[in-house]
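Asks: build me a structure from this.
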Amino acid sequence: MTSIPLSYGAHARGLFRLGVPLIGSFVAGFAIHMTDTIMLGWYSVTSLAASTIAGSLWFILFILGAGFGQAVMPLVAEAGASGDDVRVRRVTRMAMWLSMIYFAVVIPVFWWSEAVLLAVGQTPEVAALGQQYLRIAGFGMAPGLLIVVFRSYLSGQHLTGVQLWVTLLGVVLNAFVNYALIFGNWGAPELGIRGAAIASVSVQMFTMLLLAGYAQLKLPQLHLFQRIWRSDWPIFWHVFRLGVPIGLTSLAESGLFVASSAMMGWIGEIELAAHGIALQLVSLMFMFHIGMSQAATIRAGAAFGKRNIDDLRRGARMAYVISASFGLLCVALFLAFPGPLISLFIDPTEPARDELIAIGTSLLIVAALFQMADLTQIVSLSLLRGIQDMTVPMWIAAFSYWVLAIPFSYVMAFTFGFGPEGLWLGLTLGLAVAAVLLTWRFWSEVRRLA
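Replies: The predicted model follows:
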């Protein structure tokens, strides 16, 4: 059964209505990580380098497990569009199960992470500090994965506004705990990098509890936590089959940046710190595209549930236009003010300040090259998730990032001697190829569905 398609203006309004709170929540969430980066950068360059590589390891394992929670969004959007509240509850509950099983599997990696960091070429001091961080931050994986489930559950029900306010409260809490525990202010012990880890875990627990409470209060008729121990194996395996390729796809992309951090560490500690700062800025701007692309997933999932292909097409086109417009603004910003942006993260008394700014500036200029490719691949990927096409995008991501980008980055950085800038040119290649192939895949699937 089909319905009259919406106008492009209606699709734009719908995307912004869902996407703006999501963008705000992602920016606020990113501010939590940026606070860690800024304060640790003021504390010491070595702590900043250690948190960059340790945080990358945490994130790469997190993003793999987050696939189960991310699978909730298109499934809930589809079930909600067809009025199947029972399926909404079952999908979300089994995603919670899978998330906690995954946490139990990966926590040992964090506890013995020094060997992992040494194996990827980090210095003994950076590896030791990184393990100190991860032995605390690793326990934030459990609430962090549940946050993804609850966000997806609420987003699939078009309840995105609360996510912004909850995350803003988390920003404030994180800043206070970081300031107290990293530097030893207000009578607290000076814990350095361990203080940043404690702050992260505190914020994750706080956010998880607030989102869970809101979900229960706002949608009591769905009985999300009723008989939570009750299994539903067909749904469990369905979420598993969708969540694994989502997680592996995200892993392929995030692993690209983690590998780049590891290789940057081979070049030098100063280069790794500059790389971490530049990535913070690029990732901050990318929050817009993540929020808007998740809105596109929700709307594509609803159109897919109603089998309204015209709405699917029009919504997709508008998602590309909105993200591309913002991407052009980011390009202009990176090209116009690279130095001042990098300097925001560096203590004025840092001896290596000039070198950090010079390297970070050149990396931001390269980053301007891949902005359009990056936004295109995330929008295409999110639209594919909306129509529950997960497996082929996984293989596209693996090919683009690991068969092409990583070898090219290594060759450009080390064989041809282009250093940090050459390494980032490899990132550009992978994102560009992924953008082309994922976009082709989405429109091919739309034609097939039609």
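Asks: count the neighbours of residue 104 for me.
Replies: The number of residues packed near residue 104 is 10, by other Cβ atoms under 10 Å. Placement of C-beta: from N, CA and C, glycine included.
Asks: what of residue 262?
Replies: Neighbours of residue 262 (other Cβ under 10 Å): 18.
Asks: just the one 4 residues further on next, same as before
Replies: Counted with other Cβ under 10 Å, residues neighbouring residue 266 total 15.
Asks: and what of the one 5 residues further on?
Replies: A total of 23 residues lie near residue 271 under the criterion other Cβ under 10 Å.
Asks: that one against residue 362, yeah?
Replies: No. Counting by Cβ atoms under 8 Å, residue 362 is not a contact partner of residue 271; they are 10.6 Å apart.
Asks: okay, and the common contacts of those two?
Replies: Both residue 271 and residue 362 are contacted by residue 420, under the criterion Cβ atoms under 8 Å, 6 or more residues apart in numbering.
Asks: my guess is residue 89 contacts residue 225. True?
Replies: No. Using Cβ under 8 Å, residue 89 makes no contact with residue 225, being 9.5 Å away.
Asks: for stretch 241-250, which positions count as buried?
Replies: 242, 243, 244, 245, 246, 247, 248, 249, 250 (16 or more other Cβ atoms under 10 Å).
Asks: which among those residues gets closest to residue 43?
Replies: Using Cβ to Cβ, residue 250 is the member of the buried residues of stretch 241-250 that sits closest to residue 43, with 30.2 Å.
Asks: for the closest one, which residues are in contact?
Replies: 63, 64, 66, 67, 70.
Asks: what's the burial count for the last one?
Replies: Yep, that's residue 70 we're talking about. For residue 70, using other Cβ under 10 Å, the count is 25.
Asks: any idea which element it lies in?
Replies: helix 45-81 (DSSP states H and E).
Asks: so, low pLDDT: which residues of the stretch 251-400 of the chain?
Replies: For the stretch 251-400 of the chain, no stretch is flagged by pLDDT under 70.
Asks: that one: helices as residue ranges?
Replies: Here the stretch 251-400 of the chain has its helices, by DSSP state H, counting those that start in this stretch, at 269-306, 309-336, 338-343, 353-386, 391-398.
Asks: and the contacts of the shortest one?
Replies: Going back to what we said before, that points to helix 338-343. By Cβ under 8 Å, 6+ apart, helix 338-343 touches 274, 277-278, 281, 333-334, 353, 356-357, 360-362, 364-365.
Asks: ok, now with 10 Å
Replies: 274, 277-278, 280-281, 284, 333-334, 337, 353-354, 356-365, 367-368 (Cβ atoms under 10 Å, 6 or more residues apart in numbering).
Asks: need the buried ones from the residues you listed selected in ChimeraX.
Replies: Command for ChimeraX that selects the buried part of these, burial taken from 16+ other Cβ under 10 Å:
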select :274,277,278,280,281,284,333,334,356,357,359,360,361,362,363,364,367,368
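Asks: more crowded one of residue 89 and residue 225?
Replies: residue 89 (22 against 13).
Asks: for the more buried one, give me its contacts.
Replies: Taking Cβ under 10 Å, 6+ apart, one finds 76, 79, 153, 219, 221, 222, 223, 224, 225, 226, 232, 235 in contact with residue 89.
Asks: kindly recompute the last result at 8 Å.
Replies: Taking Cβ under 8 Å, 6+ apart as the test, what residue 89 contacts is 222, 223, 224.
Asks: report pLDDT for it.
Replies: We have a pLDDT of 89 for residue 89.
Asks: how near is it to residue 79?
Replies: 9 Å (Cβ to Cβ, to the nearest Å).
Asks: quick one, phi psi at residue 223?
Replies: Dihedral pair for residue 223: phi 50, psi 50, per degrees, to the nearest 10.
Asks: after the strand or helix carrying residue 144 comes which helix or strand?
Replies: Assigned by DSSP H and E, residue 144 belongs to helix 141-156. Counting by DSSP H and E, the next helix or strand C-terminal to helix 141-156 is helix 161-183.
Asks: report the angle between that following helix and helix 141-156.
Replies: For helix 161-183 against helix 141-156, the angle by axes from the mean of the first three to the mean of the last three Cα atoms, to 10 degrees is 160 degrees.
Asks: tell me the mean pLDDT over helix 161-183?
Replies: For helix 161-183, the mean confidence score works out to 89.
Asks: how close does residue 253 sit to residue 438?
Replies: 11 Å.
Asks: correction: residue 29
Replies: Distance from residue 29 to residue 438, by Cβ to Cβ: 24 Å.
Asks: for residue 424, see how far away residue 365 is.
Replies: For residue 365, the distance to residue 424 - Cβ to Cβ - is 9 Å.
Asks: what's the closest non-adjacent residue to residue 251?
Replies: residue 64 (4.7 Å; Cβ to Cβ, 6 or more residues apart in numbering).
Asks: so the one you found makes contact with residue 252?
Replies: No. Here residue 64 lies out of contact with residue 252, judged by Cβ under 8 Å, at a distance of 10.0 Å.
Asks: tell me who's in contact with residue 274.
Replies: 342, 355, 356, 359, 360, 363, 420.
Asks: how about the nearest residue to the fourth one, chain neighbours excluded?
Replies: Beyond its immediate neighbours in the sequence, the residue positioned closest to residue 359 (Cβ to Cβ, 6+ apart) is residue 274, lying 3.9 Å away.
Asks: report the angle between the helix or strand hosting residue 103 and helix 141-156.
Replies: Secondary structure assigned from DSSP H and E places residue 103 in helix 85-111. Angle of helix 85-111 versus helix 141-156, following the same axes, to 10 degrees, is 150 degrees.
Asks: what residues sit buried inside helix 85-111?
Replies: Those would be 87-100, 102-103, 106-107, 109-110, for helix 85-111 by 16+ other Cβ under 10 Å.
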